[in-house]
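> sequence and computational prediction follow.
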Amino acid sequence: MSPMGIRLSPLGVIIFCLLGLGVIYHLYSGVIANRIASFRQAKTVDLRELLALSVEAAVLGGQEVKRIREENALHEKSKGKTREGAKEMLTTGDLFSHRKMFNLIRNTFPNLQVNSEEHDDASVHETSVWNHVIPEDIRNTISESREVPTESITVWIDPLDATQEYTEDLRQYVTTMVCVAVDGVPVIGVIHKPFSAYTAWALVDGGSNIKARTSYNEKSPQIIVSRSHAGKVKAFAQKAFGNDTVIIPAGGAGYKVLSLLDIPDEKHEKADVYIHVTYIKKWDICAGNALLKALGGHMTTLKGEEIDYAGSEASEGGLVASINMNHKALVDKLPNM
Ligand SMILES: Nc1ncnc2c1ncn2[C@@H]1O[C@H](COP(=O)(O)O)[C@@H](OP(=O)(O)O)[C@H]1O
Ligand SMILES: [Mg+2]
Ligand SMILES: [Mg+2]
Ligand SMILES: [Mg+2]
């Protein structure tokens, strides 16, 4: 007899414990499975998968950008001012594209550090997850997977580049962009043009679906610059390359990088060098930097320093981008800011 007068059968105790464990397992099996899955995928990510996911995210974001423009439902507002005092615009296109792009990437790889230009205060539940199907063009170009530690990755998203031009209905300048940096070095770049359904992608030391043009004018380069955040870039370029230098003002950092490459679009302007002299953010330039790097080109600060795509969003020191020319000689021609 037990002290309480109740006799405990050992078999009964065992059955009771097993039942208890069963109930606990039933209640928490989902949680446990998720923990195991996230522990497994916490360690490494395949860059080829991440490239395919980045393309998918840029395309899906682009669909939102296009839809909102076509419905004329931009609801534009100012979210602040740049250091130089220009209005920083936010539209429904930026926000809806952000929701698609950010959530698709985070739902697929919950442990990745993803930095988007936009934020979603409404925290809308967007549950889409990538289907892990790598498109044929990527599989044909990049035959192997490449695993890297998850903790070394920073993803930069620009859900809508050239928002100013988007509000002015200058659709050709608009892009969506995804960039993946490993230890701060840009390795994946995706620039998507929603209004012409064109996507450029590249994985450094892996492959790309875009090439450099066959020739560039190194002596008297045509310089592509910002049209809405120009600062003193025109005088800067003329000081370096002479008063007759052809300056092409254009919207969007993504658009300007593509203008240096061999893009199959007659209407997309062509330039030899891209220069920006005001402050800019890493989501604006990382994808272009990765694309150029993959094709043998360069994007640096105006002093020729590499840009570190880890840490804060700020990129000080302006930028100069070129391909198939002597980048160091180009930097040496630039005046001191
Ligand atoms: N001085 C500045 N401060 C903050 N953002 C800047 C900037 N100059 C350019 N940008 C951003 O860089 C992108 C390209 O600019 P531009 O078209 O003038 O060349 C734009 O991105 P978003 O449209 O994504 O905001 C723009 O907002
Ligand atoms: Mg913006
Ligand atoms: Mg941008
Ligand atoms: Mg943007």
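Thanks, I have the structure now. Predicted, not measured: the structure shown is a model, and the values here were computed from it. Ligands and ions are numbered 1, 2, ... in the order given.
> only C-alpha atoms from now on, for both contacts and neighbour counts.
OK.
> please, where are all the strands along the stretch 1-150 of the chain?
Taking DSSP state E, counting those that start in this stretch as the criterion, the stretch 1-150 of the chain carries its strands at 44-46, 77-81, 87-90, 113-116, 147-149.
> who in this structure is up against ligand 4?
Counting by CA under 5 Å from the ion, the chain comes close to ligand 4 at 158, 160-161.
> deepest-packed of the strands of the stretch 1-150 of the chain, please.
Each of the strands of the stretch 1-150 of the chain was scored by mean neighbour count; the highest is strand 113-116, a mean of 19, by mean count of other CA atoms under 10 Å.
> in the sheet, which strands lie alongside it, parallel or antiparallel?
Using DSSP bridges, the neighbouring strands of strand 113-116 in the sheet come out as strand 153-161 (parallel).
> residues in contact with the partner strand: which ones?
Residues from elsewhere that reach strand 153-161 (CA atoms under 8 Å, 6 or more residues apart in numbering): 58, 61-62, 65, 93-95, 97-98, 101-102, 112-118, 174-184, 252-254, 282-284, 286-287, 309-310.
> of these, which are in range of ligand 1?
For ligand 1, the contacts drawn from these by CA under 6 Å from any ligand atom are 252-253, 284.
> restricted to strands, list these.
Where those are compared with strands, as defined by DSSP state E, there is no overlap at all.
> coming back round to it: need the residues of the chain next to ligand 4 in JSON lines (columns: neighbour count and pLDDT).
Output for the residues of the chain next to ligand 4, formatted as JSON lines (neighbours: other CA atoms under 10 Å; pLDDT from 0 to 100):
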{"residue": "158", "neighbour count": "31", "pLDDT": "99"}
{"residue": "160", "neighbour count": "33", "pLDDT": "98"}
{"residue": "161", "neighbour count": "26", "pLDDT": "98"}
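> which of the residues you listed are close to ligand 1?
The overlap between these and the neighbourhood of ligand 1 (criterion: CA under 6 Å from any ligand atom) consists of 158, 160-161.
> export the residues of the chain next to ligand 4 to TSV and tack on distance to residue 49?
Supplementary listing: the residues of the chain next to ligand 4 in TSV, determined by distance: CA to CA, whole Å:
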residue	distance to residue 49
158	20
160	23
161	24
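> closest one to ligand 1 out of these, please.
Nearest to ligand 1, judged by CA to the nearest ligand atom, of the residues of the chain next to ligand 4 is residue 161 at 3.5 Å.
> bridged to that closest one, which residues?
Residue 161 has the following beta-bridge partners by DSSP bridges: residue 175.
> list the contacts for the residue most central in space within the chain?
Note on the chain: the residue nearest the mean C-alpha position is residue 178, at 2.0 Å, using CA atoms, centre = their mean. Counting by CA under 8 Å, 6+ apart, residue 178 makes contact with 54-55, 57-58, 155-158, 188-191, 283, 287.
> residues in contact with whatever residue of the stretch 201-337 of the chain ends up closest to ligand 3?
In the stretch 201-337 of the chain, no residue comes nearer to ligand 3 than residue 284, which is 4.1 Å away by CA to the ion. Residue 284 makes contacts with 158, 161, 177, 253-254, as judged by CA under 8 Å, 6+ apart.
> circling back: between the strands of the stretch 1-150 of the chain, which one is closest to residue 12.
Shortest distance between residue 12 and the strands of the stretch 1-150 of the chain, using CA to CA, is found for strand 44-46: 46.2 Å.
> which strands and helices sit next to that closest one?
Contacts of strand 44-46 with other secondary structure elements, assessed using 3 or more CA pairs under 8 Å, 6 or more residues apart in numbering; DSSP states H and E, are made with strand 147-149.
> and the strand it packs on, what does it pack onto?
strand 44-46.
> the strand it packs on pairs with which strands?
For strand 44-46, using DSSP bridges, the partner strands are strand 147-149 (antiparallel).
> what is the mean pLDDT for the partner strand?
Per-residue pLDDT values across strand 147-149 average out to 98.
> how far is it from where the chain is centred?
Strand 147-149 has its average C-alpha position 18 Å from the chain's average C-alpha position, going by CA atoms, centre = their mean, to the nearest Å.
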